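Peer 1: With the sequence up front, the predicted model follows.
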Amino acid sequence: MNKVFSILFFVLVIGIVIFQYSRNTETNINYENFNLVAPGILRTPDERFDDLKDYPFKPNYLIIGNTRIHYIDEGPKDGQIIYLLHGEPTWSYLFRKMIPTLIDEGYRVIAPDMVGFGKSDKYISVDDYSHQMHVDKMTQLIIELDLKNITAHFHDWGGPVGLRVLAKEQNRFDRVIVSNTSLPATGRGFLNDLKGYLLGPIFKFTIWLQGPATWEEFIGGDGFANWIRYSKYSDNIDIGGVMKVLGSLTEEEKIAYEAPYPNASYKAGAQIFPFLIPSELRKNEKAYREVLEKWEKPFLIANSDNDPVTGNNPRLVKLLKRVPSAQEVVIKGPGHFLQEEAGPEYAELIIDFINGNPQGFTVEKKVINKESIL
């Protein structure tokens with residue numbers, strides 16, 4: 001009897017192994033829809049970027065680690081450098097309305113696409129994306145291009161990434177302007193140090209507890225958590241829809257923001273970015289204490305007054321005002337993506353900032369019909 005049971009058990013184990021092997025080797029995926037350049041890495045086909053509205057810029061590329069990074073490099077090579085770093089879920093296309101004004105004034109504009117965005121390579125797995133990975137890639141790009149005397153503009157996630165890059169390579173930067181962003185940190189003191197360990201896991205647990213948010217909940221809700229819940233759990237984040245809601249885009253411009261993503265597998269970077277916001281509070285705090293709190297060069301906070309993402313949160317501005325030289329101006333009218341709604345005017349603000357006289361300005365507020373997007 002024991003022999004019978006042993007044989008049956010052995011046959012069952014073999015059967016399970018065969019079943020698992022056959023299931024894992026089954027190929028139901030049409031790989032013609034993918035452009036794999038390395039295991040786990042996708043590259044958007046060039047034809048996806050043909051004839052994009054108002055984006056005539058020549059592509060430039062650097063291989064950094066296992067990924068190819070795209071960047072715009074426009075204007076005279078000996079011009080003073082203006083470095084534009086995008087956020088979520090945008091790419092260098094965000095700055096197309098600003099670049100002509102800047103290069104006409106003789107500046108050299110560098111605008112990279114972070115990994116997972118634009119023309120840069122994209123990891124398939126969300127696990128390959130981290131705040132530190134983005135910092136390392138953007139730092140290496142600046143080093144390899146040997147950029148110096150930089151005027152940097154950081155927007156949205158460009159803030160948490162760019163300000164950490166500055167903390168690593170502070171001598172390469174002459175001045176910084178930030179818009180609708182911050183660098184999350186806890187502040188000084190024992191209790192705040194303790195928060196640095198706890199807030200990240202608590203945040204992730206809270207998002208898990210609340211669970212997914214639908215597109216309708218994201219569009220109709222007032223809480224920033226809805227955006228994180230939607231992006232984190234979405235199988236196919238609607239990047240064009242997000243940009244149309246927050247950026248007042250035309251249909252052509254919406255298509256351009258979707259161009260980097262032939263299908264959902266390309267969108268892991270955009271999907272996970274919001275969820276990473278509090279993931280490195282201790283490193284961010286270290287950047288404040290070691291570099292930003294000692295920064296005496298020009299530093300400008302230029303937020304728009306109708307931003308539904310940051311909500312003009314005083315806490316975010318207060319964090320940035322830990323920088324001793326921080327000034328603040330307000331741009332009245334635009335929403336979160338002020339580069340879309342006031343690109344040339346914002347470029348002029350950057351020029352005025354370089355010349356030592358930054359002033360806020362006003363443009364007409366655009367009203368978004370959410371019902372047309374639902």
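Peer 2: On my side now, so go ahead. Numbering: from 1, shown residues only.
Peer 1: Other residues contacting stretch 39-49?
Peer 2: Stretch 39-49 is touched from outside by 34-37, 55, 66-68, 119, 121-125, 128, 259-262, 265-266, with contacts defined as C-beta atoms under 8 Å, 6 or more residues apart in numbering. In this view, the C-beta of every residue, glycine as well, is placed from N, C-alpha and C.
Peer 1: Any of the residues you listed buried? List them.
Peer 2: Neighbour-count burial within those applies to 34-35, 55, 67-68, 119, 121-124, 128, 259-262, 265-266; the criterion is 16 or more other C-beta atoms under 10 Å.
Peer 1: What about the residues you listed, which are in strands?
Peer 2: Those of the buried ones among the contacts of stretch 39-49 mapping onto strands are 67-68, 122-123, per DSSP state E.
Peer 1: Tabulate those (a markdown table), appending distance to residue 207 and pLDDT.
Peer 2: Shown next, in a markdown table, are these (distance: C-beta to C-beta, whole Å; pLDDT from 0 to 100):
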| residue | distance to residue 207 | pLDDT |
| --- | --- | --- |
| 67 | 27 | 98 |
| 68 | 32 | 98 |
| 122 | 23 | 98 |
| 123 | 21 | 98 |
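Peer 1: which of the residues you listed sit farthest apart?
Peer 2: 68 and 123 (12.3 Å; C-beta to C-beta).
Peer 1: ok, so what distance separates residue 159 from residue 62?
Peer 2: Using C-beta to C-beta, to the nearest Å, we find residue 159 at a distance of 23 Å from residue 62.
Peer 1: Return the residues in contact with the residue lying closest to residue 231 once chain neighbours are set aside.
Peer 2: Using C-beta to C-beta, 6 or more residues apart in numbering and skipping residues adjacent in sequence, the residue nearest residue 231 is residue 274, 4.9 Å away. The contact partners of residue 274, taken as C-beta under 8 Å, 6+ apart, are 88, 227-228, 231-232.
Peer 1: which one of the ones in strands among the buried ones among the contacts of stretch 39-49 sits closest to residue 93?
Peer 2: residue 122 (15.5 Å).
Peer 1: so who does the closest one touch?
Peer 2: Going by C-beta under 8 Å, 6+ apart, the list of residues near residue 122 reads 41-44, 115-116, 260, 266-269.
Peer 1: which phi and psi does the residue positioned nearest the centre of the chain have?
Peer 2: Geometric centre of the chain, nearest residue: residue 87, 3.0 Å, by C-alpha atoms, centre = their mean. For residue 87, the backbone dihedrals (degrees, to the nearest 10) come out as phi -130, psi -140.
Peer 1: Please name the residues that touch the nearest residue to it once chain neighbours are set aside.
Peer 2: Of all residues not flanking residue 87 in the chain, residue 156 sits nearest, at 2.4 Å (C-beta to C-beta, 6+ apart). When contacts are counted by C-beta under 8 Å, 6+ apart, residue 156 is found next to 86-88, 90, 180-181, 309, 336.
Peer 1: farthest pair in the residues you listed?
Peer 2: The most widely separated members of those, counting by C-beta to C-beta, are 86 and 309 (13.9 Å).
Peer 1: between the two, which one's more packed in?
Peer 2: residue 86 (27 against 18; other C-beta atoms under 10 Å).
Peer 1: Against residue 111, how distant is the more buried one?
Peer 2: 7 Å.
Peer 1: likewise residue 98?
Peer 2: 9 Å.
Peer 1: list residues touching both of those two?
Peer 2: Joint contacts of residue 98 and residue 111 (C-beta under 8 Å, 6+ apart) are residue 84.
Peer 1: between residue 159 and residue 62, who's got more neighbours?
Peer 2: residue 159 (23 against 16).
Peer 1: Just the element for that one, please.
Peer 2: Taking DSSP states H and E as the definition, one finds residue 159 inside helix 158-168.
Peer 1: downstream neighbour of that helix in the secondary structure list?
Peer 2: strand 173-179.
Peer 1: helices or strands next to that next one in the packing?
Peer 2: Packing partners of strand 173-179 (3 or more C-beta pairs under 8 Å, 6 or more residues apart in numbering; DSSP states H and E): strand 150-155, helix 158-168, strand 299-304, helix 343-354.
Peer 1: May I see the buried residues of the third one?
Peer 2: This points to strand 299-304. So, applying 16+ other C-beta under 10 Å, buried residues of strand 299-304: 299-304.
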